[in-house]
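Participant: give the three-dimensional model of this entry:
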Amino acid sequence: MKSIRVLDCTLRDGGYCNQWKFGKENIEKIVASLIEANIDIIECGFLTNKVEYDSDISKYSSIEDIKSILPQKKEGKLFVVMANYGEYLAELLPNCDVNLIDGIRIAFHKKNRYEALELCKKIKEKGYKVFIQPMVSVSYSDTEFIEMINIVNSFEPYAFYIVDSFGMMKNKDLLRLYYMVENNLSSSIKIGFHSHNNMQLAYSNALSLINNQTNRELIIDSSVYGMGRGAGNLNTELFVEYLNDNFEKQYKIKPLLRIIDDILNKFYHENYWGYSLPNYLSAKHNAHPNYAGYLSDKNTLTFEDIDEIFEMMSPDKLVTFDKNYIEQLYVLYMEKEKLQTGREELLKNALSGKKVLLIAPGKSSYIERNKICAFANNKGVVTISVNFNYDYCSCDYIFISNLRRFKELNRECKSKCIVTSNIPYDGVYYQTDYKELLNNEEFVTDNAGLMAIKLLISFGVDEIYLAGFDGYSHETKENYIDDKMAVVAKNAILDKMNYGMNIILNEFSKRTSIHFLTSKKHLEAGD
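Facilitator: Next comes the predicted model:
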């Protein structure tokens, strides 16, 4: 029977979901449970010169740092770490000690492959089992891949991997690469497969590989609960169950379930991973999943918009995440509509000398609606709602910067809309430049309420009263007047949004008089 071994990468790949902050006790529990589950190879985390060692984090600045989490008896298990090429020097590694780490996995991009393979040679010379991890393997041509395999054969590392970094690999892509590896890789070198689940193909691809007619030794990567960046990884608990049923393996499931119950569930609820349309779109376009995360976190784009932004991307920018590039592309996309400014003077005149009541769709805009209506009925008050139309209060204008929200409005509302230049201007009252209303706080740079305030300041409005500017609660249902508007966001991002709103509101208050008519309880928590 062919040899199939499982490498669990929860402590390394899973760390993208919690900044590797598992906690020392949890790291030790995960290692102990993986041993109890009879997992063959346990990846302990990252080896990198970019951090100072912290026992609560599964990143290590030296091999010696890992000693504290390793068992006294390895019970036939291999313990490995991963290093990204360029983040650790071979010269810093001591010779391999059987009481410490057994192997090192070196991950590298295609452009660095020759230098990375030289590093792998040096690491092998120090006695470590070396795992070759060419990221985004599908980006190699057949000629390039076979050339790399020939170099690998010259120094015979422990394992050579097919790596589906972005979860975009179809079965035909996997088998194309696998047959090249099987036919050209030295028989002494094990074949590994590392997958991501952006297109929900990690499990089926793994089964396709292990059910293939071959006598090669295979290593399949997985993580408990599928914990990993974006849509996550192949689930360890699902995969080993299949191996038990079909390959007479003796993995234990209960220790893996214990890891989920006692440790990972908490992280999942704080910063979920799993299938999502943005992750699917990143895989569809062969793009780094961080691009999908960036665009999704904006909460201003439809999925069609995200798809169109991916289509705008330069092929040479897809593989490596470039935050500045995607920010520029996002702004460019949001400015794509032709600007129409014909009613600017009319609008300025309508606001001149008036108090402006700006109503955002926070929960308090409903809870304190009587107070809002009473104020709106005062003489000399102009009422503008933000991204929403209220049944209880007839607003003079609706400010819209979110295309998704604009599409939700009734047709008859659009004639009083003040929109930004990413919104089609046909039938609206006034359109203004999207880019001019942005601010410099990353997590609220295009917050609709802040954009509306900035527009009012540019029109010379002296007094602005805010309603429904509550800030953001970790409880999703507390954030909006209409539950349909609720968006799921990571708690850390919500906190940063509150902080950013406070910063910008304080800046705006130096330029005009700003008053809160309703509660701002979540903003106060973000001070």
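
Participant: ok, the residue nearest to residue 68 when sequence neighbours are not counted to residue 425 distance?
Facilitator: Closest residue to residue 68 apart from its sequence neighbours, by CB to CB, 6 or more residues apart in numbering: residue 55 at 6.8 Å. C-beta coordinates here come from the backbone N, C-alpha and C atoms, glycine included. Noted for residue 55: a distance of 57 Å to residue 425, by CB to CB, to the nearest Å.

Participant: what's the answer for residue 245, then?
Facilitator: Counting by CB to CB - residue 245 and residue 425 are separated by 60 Å.

Participant: between the two, which has more neighbouring residues?
Facilitator: Higher neighbour count among residue 245 and residue 425: residue 425, with 20 against 9, using other CB atoms under 10 Å.

Participant: right, and the helix or strand after the biggest helix by length in the chain?
Facilitator: As assigned by DSSP state H, the longest helix anywhere in the chain is helix 491-508. Using DSSP states H and E, the next helix or strand after helix 491-508 towards the C-terminus is strand 513-516.

Participant: can you list the strands that that following strand pairs with?
Facilitator: Applying DSSP bridges, strand 513-516 is found paired with strand 463-467 (parallel).

Participant: outside of the partner strand, which residues touch it?
Facilitator: When contacts are defined by CB atoms under 8 Å, 6 or more residues apart in numbering, strand 463-467 is touched by residues 355-360, 364-365, 368, 371-372, 375, 381, 449, 453, 456, 512-518, 520.

Participant: now do stretch 72-81
Facilitator: 7, 12, 34-35, 39-47, 60, 63, 66, 70, 101-105, 129, 131.

Participant: in strands, which of the residues you listed appear?
Facilitator: The members of the contacts of stretch 72-81 that map onto strands under DSSP state E are 7, 41-47, 60, 103-105, 129, 131.

Participant: pull up the distance across stretch 316-327, start to finish.
Facilitator: Terminal residues of stretch 316-327 are spaced 16 Å apart (CA to CA, to the nearest Å).

Participant: about what we covered before: please, which helix or strand holds the residue nearest to residue 68?
Facilitator: Going by DSSP H and E, residue 55 is not in any helix or strand.

Participant: backbone phi and psi for it, please?
Facilitator: Dihedral angles of residue 55 (phi, psi; degrees, to the nearest 10) stand at phi -60, psi -20.

Participant: relative to its centroid, which residue of this structure is most remote?
Facilitator: residue 379 (48.2 Å; CA atoms, centre = their mean).

Participant: quick one: mean pLDDT for the helix or strand where residue 79 lies?
Facilitator: Taking DSSP H and E as the definition, residue 79 sits inside strand 78-84. Strand 78-84 shows a mean pLDDT of 98.

Participant: same question, stretch 135-148
Facilitator: 96.

Participant: only alpha carbons, please: show it as CSV.
Facilitator: Written as CSV, here are the backbone C-alpha positions of stretch 135-148 (Å, rounded to 0.1, in the frame of the first residue of the first chain):
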residue,chain,number,x,y,z
MET,A,135,4.3,28.8,-3.9
VAL,A,136,1.7,29.3,-6.6
SER,A,137,3.0,26.1,-8.3
VAL,A,138,0.4,26.6,-11.1
SER,A,139,2.2,29.8,-12.2
TYR,A,140,5.2,27.7,-13.5
SER,A,141,5.3,26.6,-17.1
ASP,A,142,6.0,22.9,-17.7
THR,A,143,9.6,23.8,-18.7
GLU,A,144,10.2,25.9,-15.6
PHE,A,145,8.7,23.2,-13.3
ILE,A,146,10.8,20.4,-14.8
GLU,A,147,13.9,22.5,-14.6
MET,A,148,13.3,23.1,-10.9
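
Participant: which positions within that stretch qualify as buried?
Facilitator: Going by neighbour count (16 or more other CB atoms under 10 Å), the buried part of stretch 135-148 is 135-140, 145, 148.

Participant: got those residues as a markdown table, with distance to residue 276 and secondary structure columns?
Facilitator: Formatted as a markdown table, the buried residues of stretch 135-148 follow (distance: CB to CB, whole Å; DSSP: H, G, I helix; E, B strand; the rest coil):
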| residue | distance to residue 276 | secondary structure |
| --- | --- | --- |
| 135 | 22 | coil |
| 136 | 20 | coil |
| 137 | 24 | helix |
| 138 | 21 | helix |
| 139 | 23 | helix |
| 140 | 28 | coil |
| 145 | 30 | helix |
| 148 | 33 | helix |
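
Participant: out of those residues, who's nearest residue 301?
Facilitator: residue 136 (25.1 Å; CB to CB).

Participant: now that closest one. Nearest residue, chain neighbours left out?
Facilitator: residue 165 (4.6 Å).

Participant: Three-state assignment for the one you found, please.
Facilitator: Three-state assignment for residue 165 (DSSP: H, G, I helix; E, B strand; the rest coil): coil.

Participant: what's near enough to touch it?
Facilitator: 135-137, 194, 196.

Participant: could you pull out the helices in the stretch 51-200 of the chain for me?
Facilitator: With DSSP state H, counting those that start in this stretch, the ranges of helices along the stretch 51-200 of the chain come out as 113-125, 142-155, 171-184.

Participant: got these as a markdown table, with distance to residue 314 columns?
Facilitator: Below are the helices of the stretch 51-200 of the chain laid out as a markdown table (distance: least, CB to CB, whole Å):
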| stretch | distance to residue 314 |
| --- | --- |
| helix 113-125 | 22 |
| helix 142-155 | 21 |
| helix 171-184 | 22 |
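
Participant: for these, which one ends up most surrounded?
Facilitator: Stretch with highest mean neighbour count among the helices of the stretch 51-200 of the chain: helix 113-125 (a mean of 18; mean count of other CB atoms under 10 Å).

Participant: could you pull up the mean pLDDT of it?
Facilitator: The model assigns helix 113-125 a mean pLDDT of 97.

Participant: show me where the stretch 251-400 of the chain has strands.
Facilitator: Assigned by DSSP state E, counting those that start in this stretch, the stretch 251-400 of the chain shows strands spanning 355-359, 381-386, 397-400.

Participant: ok so, going back, for the ones in strands among the contacts of stretch 72-81, which one is nearest residue 228?
Facilitator: residue 43 (11.7 Å).

Participant: gap between residue 459 and residue 516?
Facilitator: 21 Å.

Participant: now do residue 140
Facilitator: 57 Å.

Participant: re the thing from before, where's the residue farthest from the centre of the chain relative to residue 114, distance?
Facilitator: For residue 379 relative to residue 114 (CB to CB), the value is 76 Å.

Participant: as JSON lines, the buried residues of stretch 135-148 with distance to residue 293 would be great.
Facilitator: Formatted as JSON lines, those follow (distance: CB to CB, whole Å):
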{"residue": "135", "distance to residue 293": "18"}
{"residue": "136", "distance to residue 293": "17"}
{"residue": "137", "distance to residue 293": "22"}
{"residue": "138", "distance to residue 293": "21"}
{"residue": "139", "distance to residue 293": "21"}
{"residue": "140", "distance to residue 293": "26"}
{"residue": "145", "distance to residue 293": "29"}
{"residue": "148", "distance to residue 293": "30"}
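
Participant: contact partners for residue 385?
Facilitator: Residue 385 neighbours (CB under 8 Å, 6+ apart): 358-361, 393, 395, 397-399.

Participant: counting neighbours, what do you get for the closest residue to residue 251 other than its chain neighbours?
Facilitator: Excluding the flanking residues, the one nearest residue 251 by CB to CB, 6+ apart is residue 240, at 3.8 Å. Counted by other CB under 10 Å, the residues lying close to residue 240 total 25.
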